[in-house]
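> Sequence first, then the predicted structure:
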Amino acid sequence: MTPAQRSTSGHLNRRSFLRYSAFTGAALGGAGALVACGNAGDSSGGTTEDGSKYGGVAVQLSWLKNIEFAGEYFADSKGYFKEAGFGSVDLVAGGAASTSVEAGLDTGKVWLGLSAPQTTAPAILEGLPAKIVATTYQKNPFAIVSAAARPIHSPQDMKGRRIGVQDTNQLIFQALLTANGLKPGDVTVVPAQYDPTPLANGEVDGWVSYVTNEPITLAARGFQNTHFLFADFDLPLVAETLTVAQSTIDKERDKLKAFLAAEIKGWKDAVADPAESARLAVEVYGKDQKLDLAEQTKEARAQNDLVVSADTAANGLLSMTDALIEQNIVALRAAKIDIKAAQLFDLSVLREVYAENPSLK
């Protein structure tokens, strides 16, 4: 399958719930390089070589350049990053074959990355000095999609049914079962790849999917379907989390705040204009992916339901309440990842941004 095919019809292959496999014996050796990189980019009011306040930074996306990063596209194309003091922000595409965000932070190759709690937490437990400082998605997009004619509306509805589960998503699926009091024997797990054709053909009853992808692509093929979100059934993990090295929080706080302010502006625009979000993905940033404009527009609208919530209406985009943080810690524990909130999250920087710039809400 080509990158373009993965990005338009089955990009779940990078949505793994694996422990951080790329974080190996280089962890401690790489930390020094990361700190050095952070110090080099620091600025206390002076200018960098490119004449900007903060210079250039590399930001690693969690996947190929599709609609998921609309906020970053707006922040870049509308000049919000430059207005914030950055000479350039290099949006580095992720993907199945790319280095993980956590590995990039460890080696200093990236300054900030978009990841997920279930990926970052194991890396931190293995020694990576990093924190999640904000989150784009208030809800994790993992879902079970099923035929509208034989719907599965909840985990309990999966009893006695056949569910297609990709190898990399076995852990999150088992966590869903555990969180809802189900045993592995209550459902029949059918090993699956990433093309949901077996669901359309009736070979399985349900399919682990991303709510912004498979339900839309299946409907485009004429297969009427329904779905439920893992996040609505006791597995409320956030996603597309903004993760940085601890040294960035400690030594580049103003720089990080400037970046987050630009991100907020970009995501406000993205939420307000799904059509333009899709155009930027299809015609500009993800042009080489040969994305479909109509499909990306639908995905942009669906994505808004994950980005916006009652809490973000009250506290601002990218934020997390203390209650949501604790829910994530409990959800991680269901996946056998035991970590304390203070080890994984630091929302203090984002809260300072909103306190100092209330008009951003």
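It's in.

> Tell me which stretches of the stretch 251-361 of the chain form helices.
Here the stretch 251-361 of the chain has its helices, by DSSP state H, counting those that start in this stretch, at 253-272, 274-279, 293-307, 310-315, 322-334, 341-344, 348-356.

> May I see the ones you listed organised as a markdown table, with distance to residue 146, mean neighbour count and mean pLDDT added?
(Each C-beta comes from the backbone N, C-alpha and C, glycine too.) Output for those, formatted as a markdown table (distance: least, C-beta to C-beta, whole Å; neighbours: other C-beta atoms under 10 Å; pLDDT from 0 to 100):
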| stretch | distance to residue 146 | mean neighbour count | mean pLDDT |
| --- | --- | --- | --- |
| helix 253-272 | 29 | 22 | 98 |
| helix 274-279 | 26 | 20 | 98 |
| helix 293-307 | 17 | 20 | 96 |
| helix 310-315 | 28 | 13 | 97 |
| helix 322-334 | 23 | 17 | 94 |
| helix 341-344 | 33 | 15 | 98 |
| helix 348-356 | 37 | 16 | 98 |
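
> Could you dump the ones you listed into a markdown table with distance to residue 124 added?
Shown next, in a markdown table, are the helices of the stretch 251-361 of the chain (distance: least, C-beta to C-beta, whole Å):
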| stretch | distance to residue 124 |
| --- | --- |
| helix 253-272 | 18 |
| helix 274-279 | 31 |
| helix 293-307 | 24 |
| helix 310-315 | 24 |
| helix 322-334 | 11 |
| helix 341-344 | 6 |
| helix 348-356 | 17 |
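
> And these: which comes nearest residue 81?
Closest approach to residue 81 among the helices of the stretch 251-361 of the chain is made by helix 253-272 (4.9 Å; C-beta to C-beta).

> Report the angle between the closest one and helix 348-356.
Orientation check (axes from the mean of the first three to the mean of the last three C-alpha atoms, to 10 degrees): helix 253-272 against helix 348-356 gives 70 degrees.

> For helix 253-272, which helices and strands make contact with it?
Using 3 or more C-beta pairs under 8 Å, 6 or more residues apart in numbering; DSSP states H and E, the elements in contact with helix 253-272 are helix 70-77, helix 80-83, strand 86-92, strand 130-137, strand 239-245, helix 246-251, helix 293-307, helix 348-356.
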